[in-house]
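**Student:** Sequence and predicted structure are below.
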Amino acid sequence: MNAIELNHVAKRYGDFALEDVNLTLPQGCVLGLIGENGAGKSTLIRMMLGACRPDGGEVRVLGEKAGRTATFTKVRQDIGVVLDEACLPDELTAQQVGKVMHGIYANWDDAAFSSLCARLDLPKGKKVKDFSRGTKMKLAIAVALSHKAKLLVLDEATGGLDPVVRDEILDLLNDFTREEEHAILLSSHIVTDLEKICDYVVFLHKGRVQMAGEKDELLERYALLNMTHEDYAAMEKRGVARMLEGHGGVRVLMERQATPRGAQTERLGLEDMMLLLEKGEKAQ
C-alpha cells in the first residue's frame, strides 16, 4: 500500500487551477514537494488531509479516499501534521499542550513527547504565545512525532529554524522513516533540506507537475550546462528540458545522454532544477 496516491487530481480557485496532478508516495519513503509560493502545494496538502475536495480525480491516503468522512477521520489519527503556521493553544505551556493531545490522539505517547521536548530544548514554563516562530515549529514537530503516526505531512516545517536545529529535525525525520510502514511528505522552500532527506521529488509550477520521480534518478538523468548564446544556437535541441538566457550566456537543463560531445557539465542540484523549471523556457 502506498502512503499517498493522487490520480489526475484537479482543483480550481478563481483564476488558479491545479491540473492533472499525479503523485505517489510509497511507504518507507520521503517525498519532497517543490514549488514557488502559489504553485499549489498547500492546496494539495489540504486535499490530502481531507480539508477540501478535488474537482476531479482521486486522493487516497493510507489506503482510504481523503474527505470529510467517518472512515477518513479515523485515518487522520495516523497522520502527523505540521503546517506553515503552527496551530497550537497560545495560553498553554508545552507540557500542557501534551496533556491536551493525550485526550485527542488514541495512540498518544507521553514518554515520547517528553523525550522530544527535552531533545528539542523546548522551554518548560513559557506559554506558546511567547515562543519564537522556530520554537513553535519545534513544538509542532514534537506533537506530530508523539502519536505513533504512520504518515507525516509537513508544510515548511524547517522554516524559521537555524541550520543546526534544521539538521536535528532532519535527523528526527530520518529516524521516523526507518520503519518501513512510515512515510513523509515534506513541502519546503529550503531545497537543500529536501536534497538531504528526500527519496522522491515533485516539482510543481502554476498548478502543474513539471517533473517528478526518484531524486537520485532525476539528478543522474539530467545535466546542467552553461553555454554561450552561439553554442546554444548551434546545438541540437533534442533532450533539452529547459533553457534560461542571461547576459552571460545560456543555462541548460537537459538529458545527460543527449549532451553534446565535449560539453562541460556542472554539478546539478534540486535548486538548479527548481530555478530552471520555474523560470526557464522549453527549447525552441
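**Tutor:** Perfect, thanks for sending it. Numbering: from 1, shown residues only.

**Student:** Other residues contacting the longest helix seen in the chain?
**Tutor:** Longest among the helix segments of the chain by residue count, using DSSP state H, is helix 163-176. With CB atoms under 8 Å, 6 or more residues apart in numbering as the test, helix 163-176 has contacts from 30, 116, 119-120, 134, 138, 141, 145, 152, 154, 157-158, 161, 182, 184, 186, 190, 193, 196-197. All C-beta atoms are positioned from the backbone trio N, CA, C, and that covers glycine.

**Student:** Narrow those to those in helices?
**Tutor:** Those of the contacts of helix 163-176 mapping onto helices are L116, R119, G134, K138, I141, D193, K196, I197, per DSSP H.

**Student:** Could you identify which of those residues has the most neighbours?
**Tutor:** In terms of neighbours by other CB atoms under 10 Å, those top out with K138 at 28 neighbours.

**Student:** Excluding chain neighbours, what is closest to that residue?
**Tutor:** Of all residues not flanking K138 in the chain, L120 sits nearest, at 4.5 Å (CB to CB, 6 or more residues apart in numbering).

**Student:** Now do the contacts for that neighbour.
**Tutor:** K138, L139, I141, A142, V165, E168.

**Student:** Just flag the most distant two among those residues.
**Tutor:** Using CB to CB, these span at most 14.0 Å, a distance reached by L139 and E168.

**Student:** So these two - more neighbours on which side?
**Tutor:** Between L139 and E168, counted using other CB under 10 Å, the more crowded position is L139 (25 against 17).

**Student:** Wait, the more buried one touches K129, no?
**Tutor:** No. The criterion here is CB atoms under 8 Å, and L139 misses it with K129 at 11.9 Å.

**Student:** Where do the strands of this structure begin and end?
**Tutor:** Using DSSP state E, the strands found in the chain span residues 2-13, 16-26, 30-34, 56-61, 64-65, 79-82, 151-155, 183-187, 200-205, 208-214, 222-227, 240-246, 249-255, 265-266.

**Student:** I'd like these laid out as a markdown table, including mean neighbour count and mean pLDDT.
**Tutor:** Output for the strands of the chain, formatted as a markdown table (neighbours: other CB atoms under 10 Å; pLDDT from 0 to 100):
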| stretch | mean neighbour count | mean pLDDT |
| --- | --- | --- |
| strand 2-13 | 18 | 96 |
| strand 16-26 | 18 | 96 |
| strand 30-34 | 26 | 96 |
| strand 56-61 | 19 | 97 |
| strand 64-65 | 15 | 95 |
| strand 79-82 | 22 | 95 |
| strand 151-155 | 23 | 95 |
| strand 183-187 | 25 | 96 |
| strand 200-205 | 23 | 96 |
| strand 208-214 | 17 | 96 |
| strand 222-227 | 20 | 95 |
| strand 240-246 | 17 | 94 |
| strand 249-255 | 21 | 95 |
| strand 265-266 | 12 | 90 |
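
**Student:** contacting residues around P260?
**Tutor:** M235, E236 are the contacts of P260 under CB under 8 Å, 6+ apart.
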